[in-house]
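Student: okay, sequence plus prediction incoming.
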Amino acid sequence: MGLFIGIDSGTQGTKGVVLDGESGRILAEAYAPHELIEGEHGLREQDPAWWVEACRSVIAALMDSDGVDSSAVRAIGVSGQQHGFVPLTEAGEVIRPAKLWCDTATAPPQCAAITEAAGGHEAVLKAIGNSVAAGFTASKVVWLKDNEPENYDRLATILLPHDYLNFWLTGERRTECGDASGTAYFDVANRRWSTELLDAMDPSGKLLACLPELIDSDQPVGVVRPELAREFGFGSDVLVSSGGGDNMIAAIGTGNVVPGVVTASLGTSGTIYAHSESPVIDPQGELAAFCSSTGGWLPLVCTMNVTVATELTRRLLGLDTGGLNALAAEAGAGASGVMLLPFFNGERTPALPSATASLHGLTPSNYIPANLCRAAMEGATFGLRYGLDVLLRQGVRPTEIRLVGGGAKSALWRQMVADVFGCPVVRPVVEEAGALGAAIQAAWCALRDGGERTEIADLAARYVAMAEGGTVPNPGDAARYADLYQRYLVLDRALRPVNG
């Protein structure tokens, strides 16, 4: 079957793997970090040239690895951080740094203005299946129009981060429905751009012409440009698959391509999502009604603060990751009454973009490092449990949680998720779910392009395996956490007037 490259371009860096299509083994892995532009009022940006530099470095390292024959590469798949805004001129030049998913500088005024212009929340939900959430791409485009009109006048193409890497690889300006559904100007039920939302963003009609061509998830964007093929030692016909947003591609990499599987990610932000064969629209707008990158749908809930909370606490106390875990374990369930609402970056679910984090239940005896570590871990987990409640409200019933992300490496945190969620937890053998999922999608695309009607579920079953020895809920701690989670909800509701 040949070799397939999977690239996962995230906020912190780019990861890559080489998948042997015949044996299913990962032959090589590589990583390159990204810089981040941070500023006041929630500004978070990156120069897309950094993604290209990192991607080029990763592919070169993969091709230099022992046992990898670059001439055997058949296709590349790219996963990218969702919701980012890459503005291009007609000539394909980047106009300014890309605003990222976590950039909240655009959130309050632009989201409200778009929603009002589109006829209000219910009209928006009817048009696209989602609300105009803080962090989605739409508000970033309107921010450019409002704050940098000269740059907006030069705007000819709007790409998402993974689209931009595909553009670099192939020269083609195309996208697919999974990543497109996180823009807030895409109709997820009918899989088309929403003229209603685009007109609300700019009634001149300019924006529709700025959007890339939509392709199906099993279609190639194009072939690798000749100069890049020569640089990496590829053949002349290496395909680039449609790719997708990081959550959609990680779903593939965890085998979450059939109903009944639920994936949760303990990363910088947190996500919890499931596969569906039909659109799942939340009337309250808390669930992101995304399309998948496999031709189905991916109802998803995102929280903004997971390892954000633990990393800030770790640095504050001068600990390494092992030290934080050890102290959190020492504290025990409930952190002796200390509770953290971990809204350091605001919050998406519930929709509290201006919220701040707060500690509660402090006394002279419980205000100790161990309880702060435990409270950071528990607060982030309670936030994700709120997301699970949103999915449960829409009829999603998990039989197990497939856990990924940096936090999933902690045995303590895996046990906590099992106890708080009341559900067994398993981990994929391959931790880089995004990169693996991108490689699997690349294989799917290459096989279909060659005339084989292979199903993505069959490939996922072949290439995705779960580690032995999953984690089951501890009855005592699960009961304790059920009470603590109710306290977390009461505290959150009480502070909504302040955080909302």
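Tutor: Noted; the coordinates are in hand. Residues are numbered from 1 along each chain as shown.

Student: now do the same contact list for Arg25.
Tutor: The contact partners of Arg25, by C-beta atoms under 8 Å, 6 or more residues apart in numbering, come to Leu19. Where you see a C-beta, it was placed from the backbone N, CA and C, and this is true even at glycine.

Student: count of residues packed around Gly119?
Tutor: Residues near Gly119, counting by other C-beta atoms under 10 Å, number 13.

Student: right, and the secondary structure at it would be what?
Tutor: Assigned by DSSP: H, G, I helix; E, B strand; the rest coil, the conformation of Gly119 is coil.

Student: go on, Leu298?
Tutor: strand.

Student: contacts only, for the closest residue in space to it that isn't next to it in sequence.
Tutor: Nearest non-adjacent residue to Leu298, counting by C-beta to C-beta, 6 or more residues apart in numbering: Ser292, 4.1 Å away. Shown in contact with Ser292 (C-beta under 8 Å, 6+ apart): 178, 217, 248, 251, 257, 275, 298.

Student: tell me which of these is nearest to Glu29?
Tutor: Using C-beta to C-beta, Ala251 comes nearest to Glu29 of the contacts of Ser292, at 20.3 Å.

Student: tell me how far the closest one lies from Trp51.
Tutor: Ala251 sits 22 Å away from Trp51, going by C-beta to C-beta, to the nearest Å.

Student: who's more crowded, the two?
Tutor: A count of neighbours by other C-beta under 10 Å puts Ala251 above the other of Ala251 and Trp51, at 33 against 28.

Student: which elements pack onto the helix or strand hosting that one?
Tutor: Here Ala251, judged by DSSP states H and E, is contained in helix 246-253. For helix 246-253, the packing partners by 3 or more C-beta pairs under 8 Å, 6 or more residues apart in numbering; DSSP states H and E come out as strand 3-9, strand 73-80, strand 262-266, strand 270-274, strand 288-291, strand 297-303, helix 433-449.

Student: which helices and strands does the helix or strand just after the second one pack with?
Tutor: If you walk from strand 73-80 toward the C-terminus, the next helix or strand you reach (DSSP H and E) is strand 86-88. Applying 3+ C-beta pairs under 8 Å, 6+ apart, we find strand 86-88 packed against strand 157-159, helix 161-170.

Student: check which helices and strands the longest one sits against.
Tutor: By that I understand helix 161-170. strand 3-9, helix 48-63, strand 73-80, strand 86-88, strand 174-176, strand 220-223, strand 239-241.

Student: ok so, going back, for the contacts of Ser292, which two are the farthest from each other?
Tutor: Farthest pair in those, by C-beta to C-beta: Ser217 and His275, 12.8 Å.

Student: got any residues that touch both of those two?
Tutor: In contact with both Ser217 and His275: 292, 294, using C-beta under 8 Å, 6+ apart.

Student: dump the helices and strands packed on helix 161-170 into TSV; add distance to Leu489 and mean pLDDT as well.
Tutor: As requested, these are exported to TSV (distance: least, C-beta to C-beta, whole Å; pLDDT from 0 to 100):
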stretch	distance to Leu489	mean pLDDT
strand 3-9	34	98
helix 48-63	39	98
strand 73-80	33	98
strand 86-88	38	98
strand 174-176	37	98
strand 220-223	44	98
strand 239-241	41	98
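
Student: mind checking which of those is nearest Ala328?
Tutor: strand 3-9 (28.0 Å).

Student: in its sheet, what does that closest one sit against?
Tutor: strand 13-20 (antiparallel), strand 73-80 (parallel) (DSSP bridges).

Student: circling back: out of the helices and strands packed on helix 246-253, flag the one nearest Ile26.
Tutor: Checking the helices and strands packed on helix 246-253 against Ile26 by C-beta to C-beta gives helix 433-449 as the closest, at 7.4 Å.

Student: can you name the next helix or strand after the closest one?
Tutor: That would be, after helix 433-449 and using DSSP H and E, helix 456-463.

Student: shaky segments in the protein?
Tutor: Low-confidence segments of the chain (pLDDT under 70): 107.

Student: per-domain residue ranges of it.
Tutor: As assigned by automatic domain parsing, the chain contains the domains 3-248, 259-427+470-500.

Student: which stretch among these comes nearest Ala442?
Tutor: domain 3-248 (3.5 Å).

Student: still on that earlier bit, nearest to Val390, out of the helices and strands packed on helix 246-253?
Tutor: strand 297-303 (4.9 Å).

Student: who touches the closest one?
Tutor: 178, 188, 247-248, 251, 269-280, 282, 286-292, 347-349, 380, 383-384, 386-388, 390-391, 394, 396.

Student: show me just the buried residues among those residues.
Tutor: 178, 188, 247-248, 251, 269-276, 279-280, 282, 286-292, 347-349, 380, 383-384, 386-388, 390-391, 394, 396 (16 or more other C-beta atoms under 10 Å).

Student: on that earlier part again, tell me which of the helices and strands packed on strand 86-88 sits most buried.
Tutor: helix 161-170 (a mean of 26; mean count of other C-beta atoms under 10 Å).

Student: what does that helix contact?
Tutor: By C-beta under 8 Å, 6+ apart, helix 161-170 touches 7, 9, 48, 51-52, 55, 76, 78-82, 84, 86, 88, 92, 98, 159, 172-175, 179, 212, 221-225, 228, 240, 243-245.
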